[in-house]
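S.K.: What shape does this take:
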Amino acid sequence: MAKPLIVYGLEPILNPSFEDDEDLDAPTSWVTTASVSGINEVSATVFQSAGRGLPSARSLRQNTQDGTAGNKAIARQRFAADELVSILVEHEQELAIAAPIQPLRQEGLANASLRLRFFDSTGSSTPATGGELTSALEREFVAGGPIWFLMVGAARVPAGTAWVDVDLEYDIATAGFLADASVYWDRIMVGGLVDLDKGFRGGMTVNLEPGTRTNEGDGTAETLRIRGPRSRISLALANLVEDSRLWSQMIAFDAWLSTGVGFSAIWGDRDALTNAKRHYQRVVPDRRLRVGFPAGLLRRNYDLRLIAPNEGAA
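M.R.: Have a look, this model is predicted:
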């Protein structure tokens, strides 16, 4: 059974796919100074292309130089708390980080992790500065495979959050050092979380709009390109019970949608990491979320229409 996943209100992570690094050295916009004999280098040989409109030619390779105790690789950056963070605090919901990862060995996958760290207003734009706040809930899970996996970390946003640090970490203390157990990260996405871990309570349909029209003219016909292809996505979530986790997640999602700004990523199945399998990484609302109330026990139905510009489903 497919388990959909939505990460909405994608935060402005700089160089999330490591495409800015022509020199294949340390990743631009990511701070690696917290590493201890760590390897943080950009690779042009391993990368994850999600499909049409979303090419990739770079990824980040992590490992350590050797097996000395305490060695680790860390790539980190920070963004300021924004309207999405305020909504998540108000509704006591999770901020999530999701990224495709390719491990060369199982030990590498065990050593790798994603972290979100929250700091108060005493800090600055420099990562790891300020007073660190404790999240009330943190979790991590892995889907997909066997080559590219999707690693997801989620944490409840504490009140008073002014800065959020995003960490990609490789720590040999977990499964030990192996020189050939590197991991490759691509497409780092951070946003609010709607986790349909028990499957879709409704349906998802996708219609491809090719972006062309036919001009019939005077006895001749020609095809005109009017814009890039895109996919129009319709989602239905039915019978969400009051005060359930999914109910609360959708209320926060609705609150963000009302701002009318920003992109989301959606996986029709978190095990499928290309848009040929209904995974879209840059979708925008087509119209405002519609909420319905079925008769009987208080429940909600949600209907969404989303557009994935420049992402034509294969």
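
S.K.: how about the CA coordinates for the longest helix along the chain, as PDB?
M.R.: Of all segments of type helix in the chain, defined using DSSP state H, the longest is helix 245-257. Output of helix 245-257 as PDB, limited to C-alpha atoms (Å, rounded to 0.1, in the frame of the first residue of the first chain):
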ATOM      1  CA  ARG A 245      -2.500  13.300  14.100                       C
ATOM      2  CA  LEU A 246      -3.400  13.700  10.400                       C
ATOM      3  CA  TRP A 247      -6.300  16.000  11.400                       C
ATOM      4  CA  SER A 248      -3.900  18.300  13.200                       C
ATOM      5  CA  GLN A 249      -1.400  18.200  10.400                       C
ATOM      6  CA  MET A 250      -4.000  19.200   7.800                       C
ATOM      7  CA  ILE A 251      -5.200  22.100   9.900                       C
ATOM      8  CA  ALA A 252      -1.600  23.500   9.900                       C
ATOM      9  CA  PHE A 253      -1.300  22.800   6.200                       C
ATOM     10  CA  ASP A 254      -4.600  24.600   5.600                       C
ATOM     11  CA  ALA A 255      -3.300  27.600   7.600                       C
ATOM     12  CA  TRP A 256      -0.100  27.700   5.500                       C
ATOM     13  CA  LEU A 257      -2.100  27.400   2.200                       C
END
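
S.K.: tell me what the helix or strand following that helix is packed against?
M.R.: Next in sequence after helix 245-257, counting helices and strands by DSSP states H and E, comes strand 264-267. Other helices and strands packing on strand 264-267, by 3 or more CB pairs under 8 Å, 6 or more residues apart in numbering; DSSP states H and E, are strand 5-8, strand 189-195, strand 279-292. C-beta here means a position set from N, CA and C on the backbone, and glycine is covered the same way.

S.K.: Which strands or helices does the shortest one pack on?
M.R.: In this structure, strand 5-8 makes packing contacts with strand 94-103, strand 189-195, helix 245-257, strand 264-267, judged by 3+ CB pairs under 8 Å, 6+ apart.

S.K.: Now do the following helix or strand past it: distance to the chain's middle.
M.R.: In the C-terminal direction, the helix or strand that comes right after strand 5-8 (DSSP H and E) is strand 38-43. On the basis of CA atoms, centre = their mean, to the nearest Å, strand 38-43 is displaced by 21 Å from the centre of the chain it belongs to.

S.K.: What pairs with strand 38-43, parallel or antiparallel?
M.R.: Strand pairing for strand 38-43, determined by DSSP bridges: strand 59-64 (antiparallel).

S.K.: Dump the helices and strands packed on strand 264-267 into JSON lines; add distance to residue 115 as well.
M.R.: As requested, these are arranged in JSON lines below (distance: least, CB to CB, whole Å):
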{"stretch": "strand 5-8", "distance to residue 115": "16"}
{"stretch": "strand 189-195", "distance to residue 115": "11"}
{"stretch": "strand 279-292", "distance to residue 115": "21"}
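
S.K.: I'd like the distance between the residue nearest the centre of the chain and residue 242.
M.R.: By CA atoms, centre = their mean, the chain has its centre lying nearest to residue 189, at 3.3 Å. According to CB to CB, to the nearest Å, residue 189 and residue 242 sit 30 Å apart.

S.K.: for residue 113, same thing?
M.R.: 34 Å.

S.K.: Could you do residue 130 as well?
M.R.: Distance of residue 130 to residue 242, given as CB to CB: 37 Å.

S.K.: what about these two, which has more around it?
M.R.: Per other CB atoms under 10 Å, whichever of residue 130 and residue 242 has more neighbours is residue 130, with 18 against 10.

S.K.: And for the nearest residue to residue 274 once chain neighbours are set aside, the neighbour number?
M.R.: Excluding the flanking residues, the one nearest residue 274 by CB to CB, 6 or more residues apart in numbering is residue 51, at 4.6 Å. Neighbourhood size, residue 51 [other CB under 10 Å]: 19.

S.K.: And the pLDDT for residue 169?
M.R.: What the model reports for residue 169 is a pLDDT of 98.

S.K.: should've said residue 261
M.R.: We have a pLDDT of 75 for residue 261.

S.K.: Please name the residues that touch residue 13.
M.R.: Counting by CB atoms under 8 Å, 6 or more residues apart in numbering, residue 13 touches 77, 79, 166, 188, 189, 190.

S.K.: and the protein, what are its domains?
M.R.: In terms of domains, the chain is parsed into 5-195, 202-309 (source: automatic domain parsing).

S.K.: So which of the ones you listed has the densest surroundings on average?
M.R.: Highest mean neighbour count among the domains of the chain (mean count of other CB atoms under 10 Å): domain 5-195, with a mean of 19.

S.K.: rank the domains of the chain by mean pLDDT and give me the bottom one.
M.R.: Mean pLDDT is lowest for domain 202-309 out of those, coming in at a mean of 76.
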